[in-house]
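S.K.: Model the following, please.
(2 chains)
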Amino acid sequence: MTSPIIETRNLHKWYSGVHALKGVSLKVQKGEALGLVGDNGAGKSTLINILSGLHLQDEGEVLLEGQHVDIRSPKDSMRLGIETIYQYNSMVPLMTISRNVFIGREPLKWSIGGFGVLDEKKMREESVKAIADVDLHLRSPDALVGELSGGQRQGVAIARAMHFKSKVMILDEPTNHLSVKETAKVIGFVKGLKAQGVTSIFISHNMHHVFACCDRIVAMALGQIVLDKPVAETSIEEVSEQL
Amino acid sequence: MRRLLKLFLQKPELASSILLLILVIAFQIRSNAIFLSVDNLRGIFGLLPETALVAVGVTLLMICGEFDLSVGSVFALMPMTMAVLVVGGWPFWAAVVAGLLLCAAIGFLNGWITIRFDIPSFITTLGMLFMARSMTVVVSGGFPPRIKPGTVPSWIFTGFVDGGGLIRASVLWFAGIAVLISLLLAKTNFGNWVRATGGYLPAAAAMGIPTGKVKIACFMICSVLAGFAGMIQSLRLNSFLPSIGEGMELQAVAAAVIGGTSLSGGVGSIIGGLIGAVLIRVIDNGMVMSQIDANWFKFAIGALTIFAVVGNAWLRRRGRAMKVETDK
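M.R.: Alright, predicted model coming up:
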């Protein structure tokens, strides 16, 4: 059997004496859509922050395709192919779509020591393609992200992650504050990821959204995993009882 | 209307450009065509690079989401340090480099304290305003140093470069630096990081941008430009006084804001800051030329600043209400 695309072993995290993660071990297989649910304070965000490089675990390890990895910064996480789309967006509203797609990973015409001149033509062309690839049709990559609807923004964030060939996409409450129509669009994006063989971890408070697009569901409570089942073998009621 | 609104949103300096044009025409008419005369323009161009250089640095920093209230004091400290070193026997260029390094160190300290202790830069730089001003007096020992005219190559910074005595070298220095910073902001990945850091810090940090380092770099550039501008003024006047640059910090912020720079970061342009600085100079000079009571100058700048902020906030609100068109 092949190694899981991402695995955590016995992760522990303390915040000022509060034991936020209590030995979390989790395996996610390649191409799987995993739903991660739990109330506030359950440890979901702590787990995600460790995987995305915002925080470092105090104990335990993270493995990517069976290899131990050190994730010390968001840059490390992205370099390893883990892309996180945050609840309050990973976009800068006052910047254009094309600039947002390449933020922090800008293609350069030439550079010295990591600093250089932007290849704006490439940024525009590739952002148009990336957006079209996730079936999002915007007229111009020069539009400000602030002009987009919530669903469109999440679509651009997903397009960005796809463009950089991420192995694992973590979506942190991507449907929060979205209308029904916009939520359906985002769920459609997540289903599209699965169709393209991209592994996703979908975090949400809304069980209906998770059941709509995930293969497996993991429920967390008080820093521990309390349920781990395929979606087909459980129900919203059973998961809710565990939280 | 929608297109016009979008144009104003994407070019925040457009409104101030139009205002500048209107004011120039108005002052030209009211001053009986003296305002645009060579003699008067010489006066405007003589002072402009000094305030505009400070405004350029402050604009860059504000786009990055921070303020620097110490620029007026750094404006005085750099030339004072340089002059004291020159009088003490240092070669001119070594003294210039030492003065600029001091400015860079002050900028670094402003940025590091702000980020390390997570305090508003308004407070950090307010403290630095007093400290740098005090240091200016301390390094001079209370007696402004005197550099004999002709002993330092001040013409490189302040000499007239045209036969008509209209354009000083300082204008060229300023233009070169402004173009450089403008290109840095618009055409490089560092510029993208500056806008992202000021525009929405959590997203910038999550995308791996070293936001702390970006901010510190902007603080340093801002301080160095303020010090460089102060040196130009002191060399032009051949006078090294501890009191120069007082109030300049607020004029620089006003110039940036009038030029369309957002107080909350992320939005603005170097050309906008420049237009704001030109507007302030034009109002200052134009009021005198038009025989309007010059005591209204500060009132005019204050009113213009408030008007600019209110106008920009309104534009931004309207912008948020707009949605981009989709094909389906």
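
S.K.: Next, work out how far apart the residue sitting furthest away from the middle of chain A and chain B are.
M.R.: Taking CA atoms, centre = their mean as the measure, the residue most remote from the mean C-alpha position of chain A is residue A:112, 31.5 Å away. In this view, residue A:112 and chain B are 11 Å apart by CB to the nearest CB, to the nearest Å. Bear in mind the C-beta positions are built from the backbone N, C-alpha and C, glycine included.

S.K.: ok, and for the helix or strand harbouring residue A:13, which residues are buried?
M.R.: When elements are assigned from DSSP states H and E, residue A:13 belongs to strand A:6-15. Across strand A:6-15, burial judged by 16 or more other CB atoms under 10 Å in any protein chain shown covers A:6-8, A:11, A:13.

S.K.: Where do the strands of chain A begin and end?
M.R.: Residue ranges of the strands in chain A, as given by DSSP state E, are A:6-15, A:18-28, A:33-38, A:59-64, A:67-69, A:82-85, A:108-112, A:115-118, A:168-172, A:199-203, A:216-221, A:224-230.

S.K.: Who are the packing partners of the third one?
M.R.: The reference is to strand A:33-38. Counting contacts by 3 or more CB pairs under 8 Å, 6 or more residues apart in numbering or on different chains; DSSP states H and E, strand A:33-38 packs against helix A:44-51, helix A:180-195, strand A:199-203, helix A:207-213, strand A:216-221.

S.K.: Distance from that strand to the middle of the chain?
M.R.: Its chain's C-alpha centre and that of strand A:33-38 lie 11 Å apart, by CA atoms, centre = their mean, to the nearest Å.

S.K.: Excluding chain neighbours, what is closest to residue 49?
M.R.: Picking chain A for this. Excluding the flanking residues, the one nearest residue A:49 by CB to CB, 6 or more residues apart in numbering or on different chains is residue A:55, at 4.3 Å.

S.K.: my bad, the chain I had in mind was chain B
M.R.: residue B:174 (3.5 Å).

S.K.: in chain A, what spans have low per-residue confidence?
M.R.: Of all residues in chain A, those with pLDDT under 70 make up the ranges A:1, A:87-89.

S.K.: before we move on, the earlier item: from residue B:190, how far off is the residue farthest from the centre of chain A?
M.R.: Counting by CB to CB, to the nearest Å, the separation of residue A:112 from residue B:190 is 11 Å.

S.K.: what do you get for residue A:183?
M.R.: From residue A:183 over to residue B:190 the distance is 37 Å, taken as CB to CB.

S.K.: and what of residue A:139?
M.R.: Using CB to CB, residue A:139 is found at 29 Å from residue B:190.

S.K.: With neighbour numbers in mind, choose between the two.
M.R.: Neighbours per residue (other CB atoms under 10 Å in any protein chain shown) separate residue A:139 from residue B:190, with residue B:190 holding more: 19 against 10.

S.K.: What helix or strand is the more buried one located in?
M.R.: For residue B:190, the element it lies in under DSSP H and E is helix B:189-199.

S.K.: residues of whichever helix or strand comes after that helix that come out buried?
M.R.: Scanning forward in sequence from helix B:189-199 by DSSP H and E, the next helix or strand is helix B:201-206. For helix B:201-206, a neighbour-count test (16+ other CB under 10 Å) marks B:201, B:203-206 as buried.

S.K.: if we can go back for a sec, show me the contact partners of the strand holding residue A:13.
M.R.: Strand A:6-15 has contacts (CB atoms under 8 Å, 6 or more residues apart in numbering or on different chains) with A:19-28, A:43, A:46-47, A:50-51, A:55, A:57-64, A:66, A:82, A:167-168, A:199.

S.K.: filter the residues you listed to the buried ones?
M.R.: A:20-22, A:24, A:26-28, A:43, A:46-47, A:50-51, A:55, A:57, A:60, A:62-64, A:82, A:167-168, A:199.

S.K.: tell me the mean pLDDT over stretch B:168-176?
M.R.: Averaged over stretch B:168-176, pLDDT sits at 94.

S.K.: brain fart, stretch B:307-323
M.R.: Stretch B:307-323 shows a mean pLDDT of 69.

S.K.: Next, the contact list for residue 47, please.
M.R.: Going with chain A. Residue A:47 makes contacts with A:8, A:11, A:21, A:24, A:26, A:36, A:220, as judged by CB under 8 Å, 6+ apart.

S.K.: wait, chain B
M.R.: Residue B:47 sits next to residue B:281 when contact means CB under 8 Å, 6+ apart.

S.K.: my guess is it is in a helix, correct?
M.R.: Yes. Assigned with DSSP: H, G, I helix; E, B strand; the rest coil, residue B:47 falls within a helix.

S.K.: and it, how far is that from residue B:169?
M.R.: Remark: distance between residue B:47 and residue B:169 (CB to CB) = 14 Å.

S.K.: Please apply the same query to residue B:65.
M.R.: For residue B:65, the distance to residue B:169 - CB to CB - is 34 Å.

S.K.: Who has more neighbours out of these two?
M.R.: For residue B:65 versus residue B:169, the count of surrounding residues by other CB under 10 Å is larger for residue B:65: 25 against 18.

S.K.: is it true that the more buried one touches residue B:266?
M.R.: Yes. Residue B:65 is within contact range of residue B:266, at 6.9 Å (criterion: CB atoms under 8 Å).

S.K.: Touching both of those two, which residues are there?
M.R.: Residues touching both residue B:65 and residue B:266 by CB under 8 Å, 6+ apart: B:198-199.
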